[in-house]
Structure formats: structure tokens, C-alpha cells
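Asks: sequence below, structure please.
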Amino acid sequence: MIDFAPYVNDFKSAIENTWLTPRGIVFSEGFALCSLINHFDVDLVIESGVAYGGSTSMMASITQKPIFAIDTFNEYVDSYDYASKRLKQYENVKLIKGDSLIKIPEILDAFKGDKIGVFIDGPKGLIAVQMAHALYLNEERVKFICIHDIKYGSQEQKYCSKLLDNVVYTDNPNGKFHKFQQEIDLHMLEINKNLCKQGKSSLDPEDGLGYLQTLLKESPYGFGMAIITKDD
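Replies: Residues are numbered from 1 along each chain as shown. I've put the predicted structure just below:
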């Protein structure tokens, strides 16, 4: 596993807003993504699964590297318009409407850079693990792959560990990432508690600000993300 310690202070300084997008990622998962982008100094980030753009905006707040964010935008009818408006401020983000299983090979064929990072937040489950496995085996330029919503101890996690080596799980309380998960999420939680009371999830930042407190009560280790890296 890479050393995440050098990236902690930069993330804390850059990410000050404690509102979390519905159907997004927690801050420690965003921290892992941003650290990997910087550690491997990738030339391109491919995100599969955008929804309302929470993870996309978190990554774009940290890096100026191109981010190709792909989604069918079929699951949530308002998500394309919402994400388009939200991500408009980031010149390095390209929003792509389509099926990642089709779009990712097209991007890889067209892109000439040497180093690529991939974040899979859709499709979900075993299909996502199979997608990661294929990218890991067939594309040397992919330096890291992260798969969201892989709960430690789940069927998907066991399948992922069976197929792939060098996997770290962000929600493993006994794992290598645990201290960073705690440091980042608890840091953001303390800021949030000083701003508001516990609340519900909402696409309105003012109404949804207290959702972080609710989320971490229900899922103190986050949603779960698999981190797969290649030797650098």
C-alpha cells in the first residue's frame, strides 16, 4: 500500500465543506482517491458512475488532471442536469453520457498518456469487480483502480480478494487504511458538528449539511471501497 500520510494535510486544507452529496462517497474515500491521483501522478482519471457529482467534485478540488466522468444518468432522472451544473466550474472535468463498458475502451484507445487512474462507482457488485480485474490485467497504463460500495466481509469483497492481489479496503477496521479513515472522517465530523445538528441527506447543501453525522453513526467506517494498486 502507498503511504497516505504525506497527503493528509493537503486534503484537510483543500476540502473544507462538510456537506456530502446523496449517493456519493465519504470524505475518507475521497481522500484515498485524491492521494492515489497525486501519488501516481496520473495523466487521466476515469470515473465510472457519477450520479450527482460528489466524488467528481471532490477529486476536481484536489487535482487539475483531466477527469472523464461517465454515467448513463438513467437511475436518477435529475442527476445529469444537477451534475452538469455542479461540475461546470471545473475545466478539467469532462462529463460523458453513456455506458462505461463501451466508453472506457473508447477512451483508452484514444488516450495517449502513460498513467491512468480508474474509479468504479457504477456498475456495482460483482460486475464492478470483473471490470476492475479486466482493466488490471489488460491495461498496463492503469496504475490504480478503486471500486466503491465494496463492504469488507461481503461476497463482493471476498470475490475481489480472490481475483486480485494488493487490495486494501477502506472500511476494514483492522486494515492498513483504518487510521487514515478515522483521521479524515472524524476531522470532517468535528467541523460539521460545530456548524449544525444531525440531519438527513439532501441535494440542497443547506438542508443536507447534517447528513454527515447521520451517515457516520450508521456506517462509522464509510460505505466501503476497494483500493487496487500496481507497483510504482
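Asks: my guess is M1 contacts K176. True?
Replies: Yes. If you go by Cβ atoms under 8 Å, M1 and K176 touch, sitting 4.9 Å apart. (Each C-beta comes from the backbone N, C-alpha and C, glycine too.)
Asks: and for these two, which residues touch both?
Replies: Taking Cβ atoms under 8 Å, 6 or more residues apart in numbering as the contact rule, M1 and K176 both touch V168.
Asks: more neighbours: which of the two?
Replies: K176 (14 against 11; other Cβ atoms under 10 Å).
Asks: who are the contact partners of the more buried one?
Replies: M1, V168.
Asks: ok, now how distant is Q198 from S79?
Replies: As defined by Cβ to Cβ, to the nearest Å, Q198 lies at a distance of 25 Å from S79.
Asks: which of these two has more neighbours?
Replies: Neighbour comparison, Q198 and S79: the larger count goes to S79, with 20 against 14 (by other Cβ under 10 Å).
Asks: from S48, how far out is that one?
Replies: 14 Å.
Asks: same check, this time on E218
Replies: To S48, E218 is 26 Å away according to Cβ to Cβ.
Asks: higher neighbour count, those two?
Replies: Neighbour count, other Cβ under 10 Å: between E218 and S48, S48 has more, with 26 against 7.
Asks: strands of the chain, start to end?
Replies: Here the chain has its strands, by DSSP state E, at 44-48, 67-71, 93-97, 116-120, 142-148, 167-169, 225-229.
Asks: which intervals of this structure have sub-threshold pLDDT?
Replies: Across the chain, the ranges flagged by pLDDT under 70 are 231-232.
Asks: picking up where we left off before, would CSV of the strands of the chain with distance to E106 be doable?
Replies: Formatted as CSV, these follow (distance: least, Cβ to Cβ, whole Å):
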stretch, distance to E106
strand 44-48, 11
strand 67-71, 10
strand 93-97, 9
strand 116-120, 14
strand 142-148, 15
strand 167-169, 27
strand 225-229, 22
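Asks: neighbours of S55, how many?
Replies: 27.
Asks: begin at 42 from now on, thanks
Replies: Okay, using 42 as the starting number, the last item reads as S96.
Asks: so what's the residue nearest to it when sequence neighbours are not counted up against?
Replies: Residue nearest to S96 in three dimensions, not counting chain neighbours: I66, with 4.7 Å by Cβ to Cβ, 6 or more residues apart in numbering. Contacts were defined as Cβ under 8 Å, 6+ apart; by that measure I66 touches L74, G95, S96, M99, D162, H189, G263, F264, M266.
Asks: thought the fifth one was touching D190?
Replies: In this case it means D162. Yes. Taking contacts as Cβ under 8 Å, D162 lies within contact range of D190: 7.3 Å.
Asks: more neighbours, those two?
Replies: The neighbour count for D162 versus D190, taken as other Cβ under 10 Å, is higher for D162 (27 against 20).
Asks: distance check, that one against S89.
Replies: For D162 relative to S89 (Cβ to Cβ), the value is 7 Å.
Asks: quick one: work out the angle between the lengthiest helix in the chain and strand 266-270.
Replies: Ranked by residue count and defined by DSSP state H, the top helix of the chain is helix 219-234. Counting by axes from the mean of the first three to the mean of the last three Cα atoms, to 10 degrees, helix 219-234 lies at 130 degrees to strand 266-270.
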